[in-house]
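>>> pasting the structure only:
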């Protein structure tokens, strides 16, 4: 009897911990995101980011995004990758295109822990538009309207932050609805 009560208590405690963690951080791709896990540990659990995870692996960036950071990652969804011209993702994932893939991916990464509130303040302080310099050397134009942040890439493509402030142990993820492309 005592063992089953203890098991029940342990199960309730574990479920409460998961619920608490999920309440603190948004659910992404059907998975709870834990601020005690790094960017890669969380991203691999999101069913909406399987293409991004495959691309990060192909580019050899897993170790970087598992490191201490801090990083802000603007994480395109599978739908964002699917919206690229037909064959683009398959071409980028080929070993001979690793440098181009790396450039595209690192144009989604900033070497800072920038929560949406911080980005919005920088936008406001800069008069409505803030340049964000990425690890890949790209400059993204951040704007805010009605509480939503948009990013414009170097080619004029506009991406919307659809889920902001997914805290990670080594930074933050902001889910975006479009792949940000560098000027090539």
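Thanks, I have it. As the structure is a prediction and not an experimental result, all values here were calculated from the model.

>>> in the chain, which spans are strands?
Along the chain, the stretches classed as strands by DSSP state E are 27-28, 31-32, 71-76, 109-110, 130-133, 139-145, 148-152, 158-168, 171-176.

>>> dump these to a markdown table, plus distance to residue 95.
Quick note: C-beta positions are derived from backbone N, CA and C, even for glycine. Formatted as a markdown table, those follow (distance: least, CB to CB, whole Å):
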| stretch | distance to residue 95 |
| --- | --- |
| strand 27-28 | 29 |
| strand 31-32 | 29 |
| strand 71-76 | 21 |
| strand 109-110 | 21 |
| strand 130-133 | 29 |
| strand 139-145 | 28 |
| strand 148-152 | 29 |
| strand 158-168 | 27 |
| strand 171-176 | 26 |
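
>>> can you list those strands in a markdown table and add distance to residue 103 and mean neighbour count?
Converted to a markdown table, the strands of the chain look like this (distance: least, CB to CB, whole Å; neighbours: other CB atoms under 10 Å):
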| stretch | distance to residue 103 | mean neighbour count |
| --- | --- | --- |
| strand 27-28 | 25 | 18 |
| strand 31-32 | 28 | 17 |
| strand 71-76 | 15 | 25 |
| strand 109-110 | 11 | 24 |
| strand 130-133 | 14 | 15 |
| strand 139-145 | 13 | 17 |
| strand 148-152 | 17 | 18 |
| strand 158-168 | 17 | 19 |
| strand 171-176 | 17 | 24 |
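
>>> let's have those in JSON lines, adding mean pLDDT.
Output for the strands of the chain, formatted as JSON lines (pLDDT from 0 to 100):
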{"stretch": "strand 27-28", "mean pLDDT": "90"}
{"stretch": "strand 31-32", "mean pLDDT": "92"}
{"stretch": "strand 71-76", "mean pLDDT": "98"}
{"stretch": "strand 109-110", "mean pLDDT": "97"}
{"stretch": "strand 130-133", "mean pLDDT": "98"}
{"stretch": "strand 139-145", "mean pLDDT": "96"}
{"stretch": "strand 148-152", "mean pLDDT": "97"}
{"stretch": "strand 158-168", "mean pLDDT": "96"}
{"stretch": "strand 171-176", "mean pLDDT": "96"}
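
>>> verify the stated contact: residue 46 with residue 25.
No - in this structure, residue 46 is not within contact of residue 25 by CB atoms under 8 Å, at 12.0 Å.

>>> quick check: neighbours shared by the two?
Residues touching both residue 46 and residue 25 (CB atoms under 8 Å, 6 or more residues apart in numbering) are residue 33.

>>> please enumerate residues in contact with stretch 43-53?
The contact list for stretch 43-53 (CB under 8 Å, 6+ apart) reads 28-33, 40, 56, 65, 75-79, 81-82, 89, 173, 175.
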